[in-house]
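Novice: Just the structure for this:
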Amino acid sequence: MSAKNVDSHNRWRSRNISFRMSPEEAAQLDMNVKLSGLTKQDYITQCLLNREVRVYGNPRVHKALRGQMAEILEELRRIEAGGHLTERTEETICMIATIMDGLKGELNGMRK
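Specialist: Alright, predicted model coming up:
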């Protein structure tokens with residue numbers, strides 16, 4: 001038998017929830033989780049319970065943002081050559097903008 005899974009609030013997490021997603025939805029979820037810096041479990045739990053998903057800057061989040069920005073740059077170069085912006089790219093840009101805005105606010109609060 002495995003050890004009990006206790007979260008940071010000393011709650012025993014004994015229930016297992018699962019669901020199916022399309023490959024596109026799973027890719028979007030994985031990207032959101034990577035950009036949030038949270039574990040997939042924490043990210044999904046916060047979203048499902050309508051809690052605010054807070055992103056704290058750390059090297060892992062910075063690396064994920066840098067990687068996503070490189071992908072967006074490639075997508076923008078493709079668009080410049082006559083393509084159009086995909087819905088997934090639009091969602092990614094919006095999420096990155098929200099994260100960057102929050103990080104900017106966090107930095108401004110630290111300077112005061």
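
Novice: and the nearest residue to residue 34 once chain neighbours are set aside, what element?
Specialist: Closest residue in space to residue 34, ignoring its immediate chain neighbours: residue 64 at 4.4 Å, by Cβ to Cβ, 6 or more residues apart in numbering. C-beta coordinates here come from the backbone N, C-alpha and C atoms, glycine included. Using DSSP states H and E, residue 64 falls within helix 59-80.

Novice: shaky segments in the chain?
Specialist: Applying pLDDT under 70 to the chain flags the ranges 1-4, 104-112.

Novice: Taking the centroid of it, which residue is nearest it?
Specialist: The centre of the chain sits closest to residue 32, judged by Cα atoms, centre = their mean, with a distance of 2.5 Å.

Novice: That one contacts residue 43, doesn't it?
Specialist: Yes - between residue 32 and residue 43 a contact is recorded at 6.7 Å, counting by Cβ atoms under 8 Å.

Novice: and residue 92, what does it touch?
Specialist: Residue 92 is in contact with 31, 68, 71, 72, counting by Cβ atoms under 8 Å, 6 or more residues apart in numbering.

Novice: Apply 7 Å and report the result again.
Specialist: 31, 68, 72 (Cβ atoms under 7 Å, 6 or more residues apart in numbering).

Novice: where do the helices sit along the chain?
Specialist: Using DSSP state H, the helices of the chain run over 23-36, 40-48, 59-80, 87-111.

Novice: Make CSV from the ones you listed and add distance to residue 5 to it.
Specialist: Formatted as CSV, those follow (distance: least, Cβ to Cβ, whole Å):
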stretch, distance to residue 5
helix 23-36, 18
helix 40-48, 9
helix 59-80, 22
helix 87-111, 28
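
Novice: Let me know which of these is the nearest to residue 8.
Specialist: helix 40-48 (9.3 Å; Cβ to Cβ).

Novice: quick one: that closest one to helix 23-36, angle?
Specialist: Put simply, helix 40-48 runs at 100 degrees to helix 23-36, going by axes from the mean of the first three to the mean of the last three Cα atoms, to 10 degrees.
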